[in-house]
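Colleague: Based on what follows, work out the 3D shape:
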Amino acid sequence: MATLTLQDTMTRQPQPVTAADGKALRFYCCGPTVYGPAHIGNFRTFLVQDFFRRVVELGGLKTKHVRNLTDVDDKTIRESQAQGQSLNDFTQHWTERFHADAKALNLLEPHVEPSAVGHIGEQVALIETLVEKGHAYQSDDGSFYFRVASYEPYGKLSRLDQRELKTGAGETANDADEYEKDNISDFALWKARKPEDGDNFWPSPWGEGRPGWHLECSAMGLKYLGDSFDLHSGGVDLCFPHHENEIAQSDAATGGNFSRLWFHIEHLMVDGAKMSKSLGNLYTLADLEAKGSNAAELRYALLAGHYNSKLNFSLDRLAEARGNLQRLANIADALADRAGKPGLASYDELKKRALKGKGVEFGPFAGAWAALNEDLNSPKALGEMFSTLKPLEKADADGSLSKEDAAVALDGLAAIVAAFGWLLPDPEPAESEIEVPTDIAELAEQRWQAKQTKDWPEADRLRDALTEKGWQVKDGKDGYSVVPL
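Modeller: Predicted coordinates for the structure are as follows:
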């Protein structure tokens, strides 16, 4: 089967995705900071990472997927205190909300989901190593900082060496987890206890305090994936400073190559603008469900654009997604009926076959699968898929599609659906199978007669009355049919 290639942020070149140990692809994804509901921009990143894993596994390669939870940083402490809750109770609530949304969006669970609070010991040990090797120092207040000047390759991921910047390294220390982009001063590894932290501190050999945000991911990645693993992913906004700092402190501590590949997902725009509360365009899944959409439609919409480009989201995209998912459900049902199969094979079934080396017979959907392996090119894959659907729908309608060809097409379609992780709706019943209530049939007939006499206002009124009752009239050359909306 084809080998997936991705645009590697480090080299700025497409690179093959392979497992260095020859056994399983080990990859780390920066997960949510659990201080509020994840918005759809956050979920674009998590969905693309899930999409990536599915393509890898359906291609026959095992994975080890680690996605962390950030449950202690400036934001979680600040917001928990504002709510008058303990940090644990506060972050637990938002962790449960994130898990519920992730399940609704059909995200695969990571193999390991470590939390920062659960790995304080590993973070303390990492700081001790950095101090011992001369890469970290303690400030007067007891905090520890990474000495950027001690790590010569600093900036290689985000190309800081190509910018007209003064280094600002050395003894200049920045105490915030969140700081302005292009500020490359030394960054906090450990923050000494302060009154404003309240009860949010932990013991260490040098006194009470809490870890810096950047340190958390390094400690957890090194623990669960080793000194060097295959791929690290996150939103493009994390490239600098977060991932740059992860590389510096990890490689300085181990002398290795923290991650071989770097995979970043571009921003989500909404109605052509950056998401913000002030513009009223910062949506959560619950917000969209309140507007009548569902998680399956959101998943389709967020994966329709290429991960390496900004995606402009609008509510119209959800309506388009609804129609496309329904079309897929209808053709899948038709193919299964003609092939004498129960339906689309599940993701788990297809993955099991792929990992056993049996693979999937993509048949007419081979072009869509090839596109997915070309840098997860979802727009091209969707174009290939819908181009394939047209002749299949025609062949099914005119009866020329054989049982054997239907079975091959069903298997290929199942793999594409599984790769995207779509949850399809129930297929629409054939028009001949729809039972139309008497009152609806009468309204539809009245509308048809109004059209024959060219009484357009009355025809429009009756059409609107049918719509309000949940029915739609489809006009043909010599008649009409009535279907539920």
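
Colleague: In contact with the nearest residue in space to residue 80 that is not next to it in sequence, which residues?
Modeller: Spatially, and ignoring its direct neighbours in sequence, residue 80 is nearest to residue 90 (3.7 Å; Cβ to Cβ, 6 or more residues apart in numbering). For every residue, glycine as well, the C-beta is placed using N, CA and C. Shown in contact with residue 90 (Cβ atoms under 8 Å, 6 or more residues apart in numbering): 35, 76, 79-80, 83.

Colleague: Secondary structure, pLDDT and distance to residue 204 added to the residues you listed, as JSON lines?
Modeller: Shown next, in JSON lines, are those (DSSP: H, G, I helix; E, B strand; the rest coil; pLDDT from 0 to 100; distance: Cβ to Cβ, whole Å):
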{"residue": "35", "secondary structure": "coil", "pLDDT": "97", "distance to residue 204": "24"}
{"residue": "76", "secondary structure": "helix", "pLDDT": "97", "distance to residue 204": "19"}
{"residue": "79", "secondary structure": "helix", "pLDDT": "97", "distance to residue 204": "24"}
{"residue": "80", "secondary structure": "helix", "pLDDT": "97", "distance to residue 204": "21"}
{"residue": "83", "secondary structure": "coil", "pLDDT": "96", "distance to residue 204": "27"}
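
Colleague: and which of these is nearest to residue 94?
Modeller: Distance to residue 94 across those (Cβ to Cβ) is lowest for residue 35, with 6.2 Å.

Colleague: just to revisit the earlier point, mind picking the two most distant members of the contacts of residue 90?
Modeller: Across these (Cβ to Cβ), the longest gap, 10.7 Å, separates 76 and 83.

Colleague: Settle it for me: which of these two has more neighbours?
Modeller: residue 76 (23 against 12; other Cβ atoms under 10 Å).

Colleague: Residue 69 is in contact with that one, correct?
Modeller: No. Residue 76 sits out of contact with residue 69 when judged by Cβ atoms under 8 Å, with a separation of 10.1 Å.

Colleague: Which positions in stretch 13-26 come out as buried?
Modeller: 15, 17-19, 24-26 (16 or more other Cβ atoms under 10 Å).

Colleague: Out of those residues, flag the one nearest to residue 363.
Modeller: Nearest member of these to residue 363, counting by Cβ to Cβ, is residue 17, at 24.4 Å.

Colleague: what's the distance between the residue nearest to residue 248 when sequence neighbours are not counted and residue 394?
Modeller: Leaving aside its sequence neighbours, residue 248 sits nearest to residue 151 (Cβ to Cβ, 6+ apart; 4.6 Å). The spacing between residue 151 and residue 394, counted by Cβ to Cβ, to the nearest Å, is 61 Å.

Colleague: Same question for residue 324.
Modeller: Distance from residue 324 to residue 394, by Cβ to Cβ: 18 Å.

Colleague: more neighbours, the two?
Modeller: residue 324 (19 against 11).

Colleague: tell me which element that one is part of?
Modeller: helix 315-339 (DSSP states H and E).

Colleague: Can you name every helix or strand that that helix contacts?
Modeller: If you count contacts as 3 or more Cβ pairs under 8 Å, 6 or more residues apart in numbering; DSSP states H and E, helix 315-339 packs onto helix 295-303, helix 378-398, helix 403-420.

Colleague: now those in CSV, with distance to residue 135 and mean pLDDT?
Modeller: Shown next, in CSV, are the helices and strands packed on helix 315-339 (distance: least, Cβ to Cβ, whole Å; pLDDT from 0 to 100):
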stretch, distance to residue 135, mean pLDDT
helix 295-303, 39, 98
helix 378-398, 40, 95
helix 403-420, 42, 97
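
Colleague: Turn those helices into TSV, columns for distance to residue 125.
Modeller: Compiled in TSV, the helices and strands packed on helix 315-339 are given as follows (distance: least, Cβ to Cβ, whole Å):
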stretch	distance to residue 125
helix 295-303	38
helix 378-398	41
helix 403-420	39
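
Colleague: quick one: contacts for the closest residue to residue 378 other than its chain neighbours?
Modeller: Among residues not flanking residue 378 along the chain, residue 303 sits closest, at 5.6 Å (Cβ to Cβ, 6+ apart). Counting by Cβ under 8 Å, 6+ apart, residue 303 touches 47-48, 51, 378, 420-421.

Colleague: on that earlier part again, quick one, the helix holding residue 324 and helix 378-398 angle?
Modeller: If you take axes from the mean of the first three to the mean of the last three Cα atoms, to 10 degrees, helix 315-339 sits at 40 degrees to helix 378-398.

Colleague: quick one: helix 315-339 to chain centroid distance?
Modeller: Counting by Cα atoms, centre = their mean, to the nearest Å, helix 315-339 is centred 22 Å from the centre of its parent chain.

Colleague: ok, now stretch 245-260?
Modeller: 25 Å.

Colleague: go on, stretch 410-418?
Modeller: 20 Å.

Colleague: before we move on, what about stretch 233-243?
Modeller: 15 Å.

Colleague: and the next element down the chain from the helix or strand of the chain with the lowest mean pLDDT?
Modeller: For the chain, using mean pLDDT, DSSP states H and E, the weakest element among its helices and strands is strand 173-174, scoring a mean of 44. Counting by DSSP H and E, the next helix or strand C-terminal to strand 173-174 is strand 186-192.

Colleague: Which other helices and strands does that following strand contact?
Modeller: Contacts defined by 3+ Cβ pairs under 8 Å, 6+ apart place strand 186-192 against helix 120-132, strand 144-146, strand 173-174, strand 209-211, helix 213-225.

Colleague: Within the sheet, what are the partner strands of that strand, with directions?
Modeller: Applying DSSP bridges to the sheet, strand 186-192 is found paired with strand 144-146 (antiparallel), strand 173-174 (parallel), strand 209-211 (antiparallel).

Colleague: Compute the inter-axis angle for that strand and helix 120-132.
Modeller: Using the same axes, to 10 degrees: strand 186-192 against helix 120-132 is 130 degrees.

Colleague: ok, and the closest non-adjacent residue to residue 112?
Modeller: Per Cβ to Cβ, 6+ apart, closest to residue 112 is residue 66, 4.6 Å.

Colleague: I should have written residue 115 there, sorry.
Modeller: Of all residues not flanking residue 115 in the chain, residue 69 sits nearest, at 4.4 Å (Cβ to Cβ, 6+ apart).
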